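Q: Build me a model:
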Amino acid sequence: MGEYIQVFTATEKREDAEGIAKALVEKRLAGCIQIVGPIVSTYWWKGKVETAEEWLCLIKSRRSLYEELERAIRKMHPCETPEIIAMPIVAGSRTYLEWLANELKEA
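A: Numbering: from 1, shown residues only. This is a model prediction of the structure:
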């Protein structure tokens, strides 16, 4: 089960999230991306607390594709320091993970 990951990134504009999602799925770096939002994020940035409305991308992929996936996100993401965090998928339904495996490119 440990070969699959969920990657998180957030953008200020829905259009940016949709563009990232479409490109990553077309490149087969992600099998599925859900866009959630708007959400409110509060964070430190350049010495002060900021609050922003954002759109969160939940990206399903394979661990072996992470580096290529991160590069692709960085290339498209408008932020100077985008959030790109990966977490392992420790369990999941067999049929979903089989589907995911078939939709991703080989690393």
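
Q: Identify all contacting residues around the longest helix anywhere in the chain.
A: If you go by DSSP state H, the chain has its longest helix at helix 14-26. Residues outside helix 14-26 that contact it (C-beta atoms under 8 Å, 6 or more residues apart in numbering) are 9-11, 30-33, 35, 37-38, 55-57, 59, 69, 72-73, 76-78. (Each C-beta comes from the backbone N, C-alpha and C, glycine too.)

Q: 7 Å instead?
A: By C-beta atoms under 7 Å, 6 or more residues apart in numbering, the residues outside helix 14-26 that reach it are 9, 11, 30, 33, 35, 37, 55, 57, 59, 69, 72-73, 76-78.

Q: what's the answer for stretch 49-56, then?
A: The contact list for stretch 49-56 (C-beta under 7 Å, 6+ apart) reads 8, 10-12, 14, 17, 35-43.

Q: let's see 6 Å
A: Contacting residues not belonging to stretch 49-56 are listed as 10-12, 14, 17, 35-43 [C-beta atoms under 6 Å, 6 or more residues apart in numbering].
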